[in-house]
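Engineer: here you go, sequence then predicted model.
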Amino acid sequence: MKKLSLVLLAVTLLAGAVGAYDLPAVNLGFTSFLDGGPPAGPGVYFAQYVQWYHATEFDNAPVNRLDAWVSLSQFLYQSDQKVLLGGKWGLDVILPVVAFDIDPGFPVSAGSGGAGDLLLGPYLQWDPIVKDGRPVFMHRVELQMLLPTGRYSENDAINPGSNFFSFNPYWAATWFPANRCTLSWRIHYLWNDENESPYRLTGLDSVQAGQAIHLNFATSYELLEKRLRAGLNGYYLRQITDSKYNGRDTPNTQEQVVGLGPGLVWHISQNNHLFANVYFEFAAENRAEGQRYNLRWVHHF
């Protein structure tokens with residue numbers, strides 16, 4: 001089977017309508033500058049993300065337009081207790097809420113949005129490596145999980161939830177190669193369980209998205225000391241195994257996309273930080289291609 005029908009490709013815009021066909025919603029561009037460590041040390045953090053995604057190009061799917069608003073509310077606790085190899089433990093919890101508007105080119109049943117899948121991630125954060133009085137490197141490892149708690153109905157082509165579990169661990173780091181300059185990255189591996197109740201009109205009993213790697217990256221320059229940084233941010237997603245339909249590997253289902261654009265971070269105070277990022281996508285395969293506009297506010301209590 002070369003590829004599933006155009007109907008399936010159009011209706012499996014899974015996981016919050018953020019552009020994927022089989023893969024769940026993952027972190028594409030939500031995080032960027034100074035990602036290797038919390039901005040104000042140990043303690044409790046709250047972050048609010050708002051992202052608008054607009055797409056008008058769809059590879060292998062008869063869809064005319066997709067607009068999605070994604071809200072992420074994040075609660076994070078960073079301890080000051082070392083537990084393994086010098087790393088300090090922490091816990092990351094994120095609740096997404098999505099709303100979407102789609103012009104599919106033909107009638108389909110779709111939900112209006114709602115709560116997405118809960119993200120839960122225990123992690124280890126290492127203290128910054130300091131040289132000559134300034135940080136040169138900081139990093140973190142998180143065992144991130146996407147729990148199938150979001151709103152989902154097999155009668156709807158598009159749902160806020162994915163209806164399957166995903167394991168999405170990552171390594172995030174920030175390197176300070178020179179005074180005022182930073183390079184940050186977050187590298188994820190993604191494994192997905194089966195969705196045993198896919199959209200009923202596909203006629204399938206199960207769909208399992210393939211494994212993937214995806215990463216965010218950003219380089220910044222400090223324009224105003226301890227106040228304002230600006231630079232280039234981006235992301236890359238590549239599915240590395242075929243999706244499975246009814247338990248069988250299906251060729252030509254691997255997804256890919258690249259996003260690049262400008263961004264900045266304004267350090268309002270030591271405990272409040274505002275990130276703004278824009279991404280223009282290209283090189284998309286088997287998924288939507290569009291633009292992302294992202295705002296993120298981080299508060300340290």
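Structural biologist: That came through, no problem.

Engineer: any chance you could map the helices in the stretch 101-250 of the chain?
Structural biologist: Counting by DSSP state H, counting those that start in this stretch, the stretch 101-250 of the chain yields no residue ranges for helices.

Engineer: where does it have low pLDDT?
Structural biologist: Under the criterion pLDDT under 70, the flagged ranges of the stretch 101-250 of the chain are 105-112.

Engineer: what ranges do the strands span in it?
Structural biologist: Ranges of strands in the stretch 101-250 of the chain, per DSSP state E, counting those that start in this stretch, are 114-115, 118-125, 129-131, 134-142, 145-147, 166-167, 170-178, 181-192, 207-208, 212-224, 228-239, 243-245, 248-250.

Engineer: give the partner strands of the longest one in its sheet and their orientations.
Structural biologist: The reference is to strand 212-224. Strand 212-224 pairs in its sheet with strand 181-192 (antiparallel), strand 228-239 (antiparallel), by DSSP bridges.

Engineer: that strand: which residues count as buried?
Structural biologist: Using 16 or more other C-beta atoms under 10 Å as the burial criterion, the residues of strand 212-224 that qualify are 212, 214-220, 222. Every residue, glycine included, has its C-beta placed from N, CA and C.

Engineer: could you list every residue that touches the residue lying closest to residue 117 once chain neighbours are set aside?
Structural biologist: Nearest non-adjacent residue to residue 117, counting by C-beta to C-beta, 6 or more residues apart in numbering: residue 150, 4.2 Å away. Residue 150 makes contacts with 15-16, 96, 114-118, 159-162, as judged by C-beta atoms under 8 Å, 6 or more residues apart in numbering.

Engineer: grab the two from those residues that are most spread out in space.
Structural biologist: 118 and 159 (14.6 Å; C-beta to C-beta).

Engineer: for those two, indicate the residue with more neighbours.
Structural biologist: residue 159 (27 against 16; other C-beta atoms under 10 Å).

Engineer: count of residues packed around the spatially closest residue to that one that is not a sequence neighbour?
Structural biologist: Spatial nearest neighbour of residue 159, chain neighbours left out: residue 152 (4.5 Å); criterion: C-beta to C-beta, 6+ apart. For residue 152, the neighbour count with other C-beta under 10 Å is 22.

Engineer: same question for residue 56.
Structural biologist: If you count neighbours by other C-beta under 10 Å, residue 56 ends up with 14.

Engineer: now it: which helix or strand?
Structural biologist: Here residue 56 sits within strand 43-58, counting by DSSP states H and E.

Engineer: check contacts around residue 45.
Structural biologist: By C-beta under 8 Å, 6+ apart, the residues touching residue 45 are 38, 74-78, 298-301.

Engineer: just checking, residue 273 touches residue 264?
Structural biologist: No. Under the criterion of C-beta atoms under 8 Å, residue 273 makes no contact with residue 264, lying 11.0 Å away.

Engineer: of those two, which one has the most company?
Structural biologist: Shown here are residue 273 and residue 264; by other C-beta under 10 Å, residue 273 has more neighbours (21 against 18).

Engineer: residue 183: neighbour count?
Structural biologist: Residues within reach of residue 183, counting by other C-beta under 10 Å, total 16.

Engineer: what bridges to it?
Structural biologist: residue 175, residue 219.

Engineer: report the contact partners of it.
Structural biologist: Shown in contact with residue 183 (C-beta under 8 Å, 6+ apart): 174-175, 177, 217-219.

Engineer: residue 274 sits in which helix or strand?
Structural biologist: According to DSSP H and E, residue 274 maps onto strand 272-285.

Engineer: which outside residues touch that strand?
Structural biologist: For strand 272-285, the surrounding residues in contact (C-beta under 8 Å, 6+ apart) are 28-29, 32-33, 39, 55, 57, 59, 233-235, 254-268, 288-300.

Engineer: how much space separates residue 179 from residue 69?
Structural biologist: 39 Å (C-beta to C-beta, to the nearest Å).

Engineer: these two - which one has more neighbours?
Structural biologist: Neighbours around residue 179 and residue 69, counted as other C-beta under 10 Å, are more numerous at residue 69. The numbers are 17 against 8.

Engineer: hang on, that one packs against residue 54?
Structural biologist: No. Taking C-beta under 8 Å as the definition, residue 69 is not a contact partner of residue 54, at 10.2 Å.
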